[in-house]
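A.B. asks: Sequence below, structure please.
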Amino acid sequence: MELLVRYGTEEQKARWLIPLLEGKARSCFAMTEPQVASSDATNIESSIREEDGFYVINGHKWWITGILDPRCQLCVFMGKTDPHAPRHQQQSMFLVPMDTPGIKIIRPLRVYGGTLWVFSGGHGEVLFEQVRVPKENIILGPGRGFEILLGRLGSGRIHHCMRLIGCSERVLALMKARAKSRVAFGKPLVEQGMVLADIALSRVEIEQARLLVLKAAHVMDVAGNKVGALDIAMIKMVAPSMASRVIDRAIQVFGAAGLSSDHPLAQFFVGVRVLRLADQMHQRSVAKMELKHRS
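C.D. replies: Numbers count the residues shown, from 1 in each chain. This is a model prediction of the structure:
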């Protein structure tokens with residue numbers, strides 16, 4: 001939705017933004033591809049070519065969050081319109097209605113071989129074969145996909161981190177309730193020194209991450225995503241790792257029950273592990289910005 005607010009034409013907003021805001025429709029973002037390292041978005045290979053007043057899309061995408069949701073009516077697709085242009089001007093983004101002929105969902109993707117519904121709507125592997133969209137469905141213009149991507153990711157990343165703070169708070173609440181109600185070796189877990197240390201450390205780490213997220217949000221609000229790039233990269237490093245540690249401690253307190261589907265901890269752990277895939281990329285970004293601006 002924020003992509004449409006920031007970059008969409010008035011016609012695009014009228015067609016898609018209102019249904020999305022009202023919750024009558026959902027959307028997905030198709031960038032990641034199985035054949036290339038898509039953490040570097042310049043690697044994407046999906047082709048988009050002009051033909052008879054349309055753009056024709058061909059590509060193979062996967063890990064497309066939300067595309068399996070029956071309410072998903074819009075796909076934001078990123079591919080290459082000019083593979084010979086400068087590296088960061090080859091990509092373009094398009095609004096592709098999900099009922100357009102040529103979109104084929106190959107399969108749902110299961111995380112760690114079992115969990116399917118990690119995020120709303122699950123993840124899908126999708127083929128786009130000769131998918132024709134009108135020229136007016138391009139976002140901002142040809143070759144501006146990477147520009148849009150960078151503008152979109154700042155808010156997307158901080159949203160992830162805010163949700164991780166909330167997830168961690170819920171996990172800590174579950175951990176405390178379990179520690180108060182469970183007895184082992186003749187006394188409640190809440191009286192066991194290791195459990196007390198886990199609760200204390202989890203609270204401290206949540207608050208540290210929360211403050212860093214709030215700082216990043218403040219910088220974005222007053223100075224914009226570009227100025228806040230370092231803070232955004234730092235929270236994307238910190239929040240998933242923090243949440244992973246808090247969930248891991250809670251699973252330990254719950255014992256075997258924490259591994260089961262009777263409690264949400266195992267599913268939370270898998271979801272957070274997905275978000276940690278980008279940790280090294282953000283570490284690289286933080287280090288480069290630190291060396292460039294603070295040496």
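A.B. asks: what's the offset of stretch 46-65 from the middle of its chain?
C.D. replies: Computed by C-alpha atoms, centre = their mean, to the nearest Å, the chain-centroid distance of stretch 46-65 equals 22 Å.
A.B. asks: do the same with stretch 136-153
C.D. replies: That offset, for stretch 136-153, works out to 18 Å (C-alpha atoms, centre = their mean).
A.B. asks: could you measure the residue of the chain most remote from its centre against Q192, distance?
C.D. replies: Most distant residue from the mean C-alpha position of the chain: G186, 44.1 Å away (C-alpha atoms, centre = their mean). Look at G186 and Q192: by C-beta to C-beta, to the nearest Å, they are 11 Å apart. (C-beta placed from N, C-alpha, C; glycine too.)
A.B. asks: now do A25
C.D. replies: Distance check for A25 against Q192: by C-beta to C-beta, it reads 50 Å.
A.B. asks: residues contacting L109?
C.D. replies: 62-63, 116, 122-125 (C-beta atoms under 8 Å, 6 or more residues apart in numbering).
A.B. asks: the helices in this structure, which residues?
C.D. replies: Taking DSSP state H as the test, the helices found in the chain are 2-7, 10-12, 18-21, 145-181, 193-223, 229-254, 265-275, 279-293.
A.B. asks: Of these, which stretch is the most buried?
C.D. replies: Highest mean neighbour count of the helices of the chain: helix 229-254, a mean of 23 (counted as mean count of other C-beta atoms under 10 Å).
A.B. asks: isn't R87 right next to T42, touching?
C.D. replies: Yes: between R87 and T42 there is a contact under C-beta atoms under 8 Å: 5.3 Å.
A.B. asks: Between these two, tell me which one has more neighbours.
C.D. replies: T42 (13 against 8; other C-beta atoms under 10 Å).
A.B. asks: Test my guess that that one contacts Q91.
C.D. replies: Yes: counting by C-beta under 8 Å, Q91 is a contact partner of T42 at 7.4 Å.
A.B. asks: which residues do these two both contact?
C.D. replies: F146.
A.B. asks: any idea how far the residue nearest to A239 when sequence neighbours are not counted is from S47?
C.D. replies: Leaving out its chain neighbours, the residue that sits closest to A239 by C-beta to C-beta, 6 or more residues apart in numbering is C161, at 3.9 Å. According to C-beta to C-beta, C161 and S47 sit 34 Å apart.
A.B. asks: Which pair of the contacts of L109 spans the longest distance?
C.D. replies: W62 and L116 (14.1 Å; C-beta to C-beta).
A.B. asks: Sounds good, over and out.
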